[in-house]
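In: Pasting the sequence and the predicted model now:
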Amino acid sequence: MAKSTKQNRGHFVLSCFIFIFFLCVLASINEVRFEGLLKFGRCALSNESLPINSSSSNEEDLRILISVLTLPDQYLRRHFLRLVYGTQTLEGAKVDVKFVFCNLTKEEQKVMVALEIMRFNDIMILNCTENMNKGKTSTFFSSLPQIFNETNGPYPPYHYVMKADDDTYVRLNSLVRSLKPLPREDLYYGFVIPCGSMDPFKHYMSGMGFVVSWDIVEWIHGSDIPKKHVVGPEDKVFGDWMRWARRGKNRYNAKWSMYNYPDPRSVCSHDLWPDTIAVHLLKNQEKWIRTLSYFNHTDSLKPSKLYHIA
């Protein structure tokens, strides 16, 4: 009888232990879900939006800032590019896309751009007068360390910074795969100009979309060379800085994965092909649509009863 009582007591203690363990697991799961819900709520209710492109928060992932230099009045172009970049799924990288222009000059801009910032938080307004070849690129790069080095987070804030035109289509995963095996210091990467050249050390990288490592960004911020030479074609001027300071010792020519749209034909263009990082000179909607269709950009659209797209 005593033995049976001890067995029952043992079963009871074991049952209690299992029940308590189950409650702990359940509480842990609910805590994770609750934290996720809180995080989502904070994003939805705050003025800070998620970056246009984000992947996991793994600090080992490649971090890239793509800066699209554009004009304040280009509202429709920015909205379109948000769709183009925001619908690309990233693998093993964190890519932020920012739209960059100089000081606003019209009341309409102040209202419209403020609305964009409140909704998307993806705009950088530089302290300069809007220009193409009189220092805008210099102002942009020299401003970055002051903006990003003071924020809480990993260092460097970005491994690479890409300057891109607003008529360039960048295939993000292709760019990431191309950059991953490359050095993360003293890097200067892009489409070598002139178009017939394949030597990245002889000339400079086209303004369609060139990439530099963060240490070069910090050098631009502190060096007198960029400050004294700002006037001229922005990509050529940038190449002058690299040559005069003997920077960008790790140079990589991404030709012919970067190229101009094939219509009209030129030395800088060729047909669209799968091994593409960036296509430049997409000057109208027809060229954008043909390019996006070629790369099956919308193939990941999920089926739904809400729409039918043949």
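Out: Received it, and whenever you're ready, just let me know what you need.
In: how about the strands of the stretch 101-250 of the chain, start to end?
Out: Here the stretch 101-250 of the chain has its strands, by DSSP state E, counting those that start in this stretch, at 123-125, 160-165, 169-170, 187-190, 192-193, 204-205, 209-213, 250-253.
In: For the longest one, the averaged confidence score.
Out: Strand 160-165 shows a mean pLDDT of 98.
In: Same question for the last one.
Out: Strand 250-253 shows a mean pLDDT of 98.
In: next one: the third one
Out: For strand 169-170, the mean per-residue pLDDT is 98.
In: Okay, and K287 sits in which element?
Out: Per DSSP states H and E, K287 falls inside helix 285-294.
In: And that helix, what does it pack against?
Out: Applying 3 or more Cβ pairs under 8 Å, 6 or more residues apart in numbering; DSSP states H and E, we find helix 285-294 packed against helix 75-86, strand 169-170. All C-beta spots, glycine's among them, are computed from the backbone N, C-alpha and C.
In: okay, these in JSON lines with mean neighbour count and distance to I220 next?
Out: Listed next are the helices and strands packed on helix 285-294 as JSON lines, based on neighbours: other Cβ atoms under 10 Å; distance: least, Cβ to Cβ, whole Å:
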{"stretch": "helix 75-86", "mean neighbour count": "16", "distance to I220": "25"}
{"stretch": "strand 169-170", "mean neighbour count": "24", "distance to I220": "22"}
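In: My guess is H280 contacts S206. True?
Out: Yes: assessed by Cβ atoms under 8 Å, H280 is found in contact with S206 at 7.5 Å.
In: anything in contact with each of those two?
Out: F191, M258, C268 (Cβ atoms under 8 Å, 6 or more residues apart in numbering).
In: tell me which of the residues you listed is nearest to F80?
Out: For these, the closest approach to F80 (Cβ to Cβ) belongs to M258, at 20.6 Å.
In: Hmm, that closest one is touching D275, no?
Out: No: counting by Cβ under 8 Å, D275 is not a contact partner of M258; they are 10.6 Å apart.
In: So if I had to pick from the two, which one is more boxed in?
Out: Shown here are M258 and D275; by other Cβ atoms under 10 Å, M258 has more neighbours (27 against 9).
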